[in-house]
Structure formats: C-alpha cells, structure tokens
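Participant: Okay, sequence plus prediction incoming.
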Amino acid sequence: MEGERVLLVQRRLPREKSYLHELRELALAAGYVPIAEIEQVRAQDAAYQIGYGKALEISELVKKLDIDKVIFFNELKPVQAHNLSKLFKVDVIDRFQLILEIFAKRAGNREAKLQIELARLKRELSFAKEYVHVAKMEELPGFMGGGEYDATVYERHIRERISRINKELKRIRKRKRGAHKRRSRSGAYLVSITGYTGAGKTTLFNRLTGESGYIDGKPFATLSTTIRRTRLNGIPAIVSDTIGFIDSLPPLLIESFYTTLEEINNSDIIILVLDASEELEEVNRKIRACFDVLESIGAYLKPMVVAFNKIDLLSPEDVKMRIEELSWIKKPLVPISAKKGWNIDALVKTILDILPGYTEVRIILKRNDNLNKLIDELSEGCRIVSIEDNSVLVGAKIEWLASKVKRISELGGVIVDRKL
C-alpha cells in the first residue's frame, strides 16, 4: 500500500543551511511519499512559522497535488500547527513529531517505547498552555474528560504520567547498570559503535561480531541497543550497536533517550562510523553533529576511533584526499568498507592500540601441570598471547588482572610484570 502523499517545508534564515534533503530521508523512513518541497528564507512568523503569503501558496499546492499531510522541518508551536492545518485542511506535523513516528515504528522493546512516550509528553508539557488554548478555540469535545480545558489539570495529568515513566526507566537503568558492572568485571572491553544515522553502523557491528542484524539503510534502523560478545584479535570485547545521530537532534530526544545513550557513556572505547562516500561538506557537517551529541552526553573525551566507511564507493585517490581534508578531527581515522570487509583488520589494530588500561604480562608457574588449568580459568577474560613450557603471556585489563592475582598465586603462578 502506498504511503500518504506529503509536502515538505523549511523556513530558514539567510545563512542557515537547507535540511530538506534530510527531511526527505526521514519522511521516506516513516513510510511517506514526498511529492514536493518548499523553502522560504525569512524570519519566523508567530502565527504561521512561514509568511502568510507563502502559507496561502502552499494551501493551493496542497489542493493541486492532492497532498495528505504537510511536514515542517522547523519546530511548530501548537498555535502555528493549528493555523496551518486549518488553512491547508490537512494534518500538519514538524520534524520532532516525524522522528517520533519513525521511533514508534521501530521500537522493539519496552524501554524504547517508554522513551518515545516520555519525549512526546515532555514536549506537550512545554506547550501545555498553548495546547489548552488551541483546544478551547476548537471547542474540542471531551478534552481532558468532561470537556475540561483547565491548563493546570492538563499539566498535572502530563506530569503524573512523566513521573511514572521516569520511575520505570529508573528501574531499567538500574538493571542495565548492574549488567554493565558484571560485563566490566568479566574482563571484556565495552565497545560502542555509534555515528550519524545511515552511516553503516549495523553493517560494521555485524562484521565485527559475526551477526546478521537488521540493515535497511534508512534513518534510525537501530533504535534499541544490541549487544554481542566477541573477540578483537583475541581480546574479549562486548560490542554494542547504538542509536544513530542526526544534525540538530532535539534536546528533548537526547534527554528522553538517556537510558539508551548511557550505553555509549559506559563504554571503554567508541567507534564513530562516518559515510565517506558523501560530499565532503556533508561529511564535515555530520562529524560535527556527532561530536555535538557526544559532548552533550559527556562521552566526547572517551577513547575514540573514526571508521571512515563505504570507501568501496570511492577511488583510492578520493579516499586519500578526504582523509587529508579531515585532519582537523584529531582522532585516529581508519578508511574501511564494512560491507566488503576492507581494512577491518586495520580498524581492529587501531582500536587495540588505544585500549585504556590494557597490559600484557607473563605468568610463570612453578608446576607445569597447573598450566592448562590456569589457561582455562583466565582465557575467558583475557587474550592468550603465547604459551611456553611453564609460562603464559596474557593481555588484559589491568584491573581485571589485579582481581586474579590471588587465584594465580593459588595455582603456583608468579606475575613477572610488576605493574600490578
């Protein structure tokens, strides 16, 4: 079945960038069929967001093109959405609502659904008085039950629901933190794959873990974090495929999806995936958007590797030129093709080079017959680098090795390296 026909609109200031191409991608991801795009350069109009003359022009276009819905890139206040919908005689939504629609379609678990509802309610709360004003103008029957239009009652209703959701999310967060601590104690490094939506995060996740997760190339294909245990060149790692970012991500969404984004903050290292095949201006814009989100959640200073993905779509000369142009990033950057498997070994090596708290130590045993037992007990949480007659060289987190000193001693082992 063909989706609803939509018209896309953005009002921007003279030096502001046009985001209609990205709005189009979001509309397609939500199942809509973009028919036309309108852009106006001017200051915001309090009543219509765009100028009244442009609104009348769009109204005619809606009738002419048989449009079902109009989608604005700009955030619409309730009174603006009301005025536009009344003038156009079709539904009018903004990018925030569009993103929530996509999230709702892709929400795979209770946590994601709660976070979506939380974002919607927080936005409603910020516009509560305006919603009530619009409801009164329209004389909406049964609004808040019994035709009650009191803004205080409406706000209280939203706040109560927000409070209940926050309590449930707090329980989920507590459970996830407990799981995080257990994973950390296991000796495995926590690796988060993130980046701009559509950059190929899930493809790289599948490549590193041997999984076959959902890939469709559309925005926000990954909404709930997926976690898998694997080994990176022998080192135990727990890799997570996290939600993608977009430019000008509404602060309310970042705030509401804190429990999901916290996975990135809890990681030992971040793999930031970028689409190398796009125009250089776009690549720069998306890098900055990703850095802004990472900074807003306190994760920007974590050890990070930039995976410059989709180089199979470029010539070697183009790849080299783009890497040179991106020297300002000041982060290790590795050109890869997750789809083709190109340069994945180099990416893994770069990750291992900057692992925090990693060390290699030699353990010498007084009795050879305990060697196999020692290897069996240690291997799950470390990398076995080499084995000799009465010793083993292991690589692992310093803190994990420190927790094993007593057991190593019980088996007659002595750690040669004195870092512990």
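Facilitator: Sure thing, it's come through.

Participant: Quick check, pLDDT for the nearest residue to Y19 once chain neighbours are set aside.
Facilitator: The shortest distance from Y19 to any residue other than its chain neighbours is 5.3 Å, reached at F73 (C-beta to C-beta, 6 or more residues apart in numbering). C-betas here are computed from N, CA, C, even on glycine. Among the per-residue scores, F73 shows a pLDDT of 96.

Participant: what residues are up against F73?
Facilitator: Counting by C-beta atoms under 8 Å, 6 or more residues apart in numbering, F73 makes contact with 8-11, 19-20, 23, 94-95.

Participant: gap between it and A112?
Facilitator: Spatial separation of F73 from A112 under the definition C-beta to C-beta, to the nearest Å is 24 Å.

Participant: May I see the contacts of F73 organised as CSV, with secondary structure, neighbour count and pLDDT added?
Facilitator: Converted to CSV, the contacts of F73 look like this (DSSP: H, G, I helix; E, B strand; the rest coil; neighbours: other C-beta atoms under 10 Å; pLDDT from 0 to 100):
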residue, secondary structure, neighbour count, pLDDT
L8, strand, 24, 98
V9, strand, 26, 98
Q10, strand, 23, 98
R11, strand, 21, 97
Y19, coil, 20, 92
L20, helix, 17, 95
L23, helix, 22, 94
D94, strand, 22, 95
R95, helix, 23, 93
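
Participant: got the residues you listed as CSV, with distance to I50 columns?
Facilitator: As requested, the contacts of F73 are exported to CSV (distance: C-beta to C-beta, whole Å):
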residue, distance to I50
L8, 12
V9, 7
Q10, 9
R11, 5
Y19, 15
L20, 14
L23, 14
D94, 12
R95, 15
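
Participant: So which of the residues you listed is the closest to A107?
Facilitator: Nearest to A107 out of the contacts of F73 is R95 (C-beta to C-beta; 18.3 Å).

Participant: hang on, the closest one packs against L23?
Facilitator: Yes. Applying C-beta atoms under 8 Å, one finds R95 in contact with L23, separated by 6.4 Å.

Participant: Show me the two of the contacts of F73 that sit farthest apart.
Facilitator: Comparing all pairs in these by C-beta to C-beta, the longest separation belongs to L20 and D94, at 13.6 Å.

Participant: The one helix or strand T152 maps to: which residues count as buried?
Facilitator: Taking DSSP states H and E as the criterion, the element that holds T152 is helix 151-185. If you call a residue buried by 16 or more other C-beta atoms under 10 Å, then helix 151-185 has these buried ones: 151, 154-155, 157-158, 162, 165, 169, 176, 180, 183-184.

Participant: ditto for stretch 399-409
Facilitator: Of the residues in stretch 399-409, those buried under the neighbour-count criterion (16+ other C-beta under 10 Å) are 400-401, 404, 408.

Participant: Redo those as JSON lines? Include secondary structure and distance to K201.
Facilitator: Formatted as JSON lines, the entries for the buried residues of stretch 399-409 read as follows, by DSSP: H, G, I helix; E, B strand; the rest coil; distance: C-beta to C-beta, whole Å:
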{"residue": "W400", "secondary structure": "helix", "distance to K201": "27"}
{"residue": "L401", "secondary structure": "helix", "distance to K201": "31"}
{"residue": "K404", "secondary structure": "coil", "distance to K201": "34"}
{"residue": "I408", "secondary structure": "helix", "distance to K201": "38"}
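
Participant: what touches both of R95 and L23?
Facilitator: With C-beta under 8 Å, 6+ apart applied, the overlap between the contact sets of R95 and L23 consists of 71, 73.

Participant: tell me the mean pLDDT for stretch 410-420?
Facilitator: With pLDDT averaged residue by residue, stretch 410-420 scores 78.

Participant: element containing V334?
Facilitator: Here V334 is assigned to strand 333-335, by DSSP H and E.

Participant: Could you list the residues in contact with the next helix or strand after that strand?
Facilitator: Of the helices and strands lying after strand 333-335 in sequence (DSSP H and E), the nearest is helix 344-353. If you take C-beta under 8 Å, 6+ apart as the criterion, helix 344-353 is touched by 191, 207-208, 232-233, 235, 269, 271, 305, 307, 332, 334, 336, 338, 358.

Participant: Separate out the buried members of the residues you listed.
Facilitator: Among the contacts of helix 344-353, those scoring as buried are 191, 207-208, 232, 235, 269, 271, 305, 307, 334, 336, 338, 358 (criterion: 16+ other C-beta under 10 Å).

Participant: Now tabulate the residues you listed in JSON lines and tack on secondary structure and pLDDT.
Facilitator: Written out in JSON lines, the entries for those read as follows (DSSP: H, G, I helix; E, B strand; the rest coil; pLDDT from 0 to 100):
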{"residue": "V191", "secondary structure": "strand", "pLDDT": "96"}
{"residue": "R207", "secondary structure": "helix", "pLDDT": "96"}
{"residue": "L208", "secondary structure": "helix", "pLDDT": "96"}
{"residue": "L232", "secondary structure": "strand", "pLDDT": "96"}
{"residue": "I235", "secondary structure": "strand", "pLDDT": "95"}
{"residue": "I269", "secondary structure": "strand", "pLDDT": "97"}
{"residue": "I271", "secondary structure": "strand", "pLDDT": "98"}
{"residue": "V305", "secondary structure": "strand", "pLDDT": "98"}
{"residue": "A307", "secondary structure": "strand", "pLDDT": "98"}
{"residue": "V334", "secondary structure": "strand", "pLDDT": "98"}
{"residue": "I336", "secondary structure": "coil", "pLDDT": "98"}
{"residue": "A338", "secondary structure": "coil", "pLDDT": "97"}
{"residue": "Y358", "secondary structure": "strand", "pLDDT": "94"}
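
Participant: Columns distance to Q44 on top of these, output as CSV?
Facilitator: Conversion of those to CSV gives the following (distance: C-beta to C-beta, whole Å):
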residue, distance to Q44
V191, 43
R207, 45
L208, 45
L232, 49
I235, 52
I269, 42
I271, 39
V305, 41
A307, 38
V334, 43
I336, 42
A338, 41
Y358, 52
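
Participant: What is the nearest of those residues to L252?
Facilitator: I271 (26.8 Å).

Participant: Please state the offset of the strand holding V334 from the chain centre?
Facilitator: When distances are taken as C-alpha atoms, centre = their mean, to the nearest Å, strand 333-335 is centred 20 Å away from the chain's centroid.

Participant: Can you work out which other helices and strands pack against that strand?
Facilitator: Of the remaining helices and strands, those touching strand 333-335 by 3 or more C-beta pairs under 8 Å, 6 or more residues apart in numbering; DSSP states H and E are strand 304-309, helix 316-325, helix 344-353.
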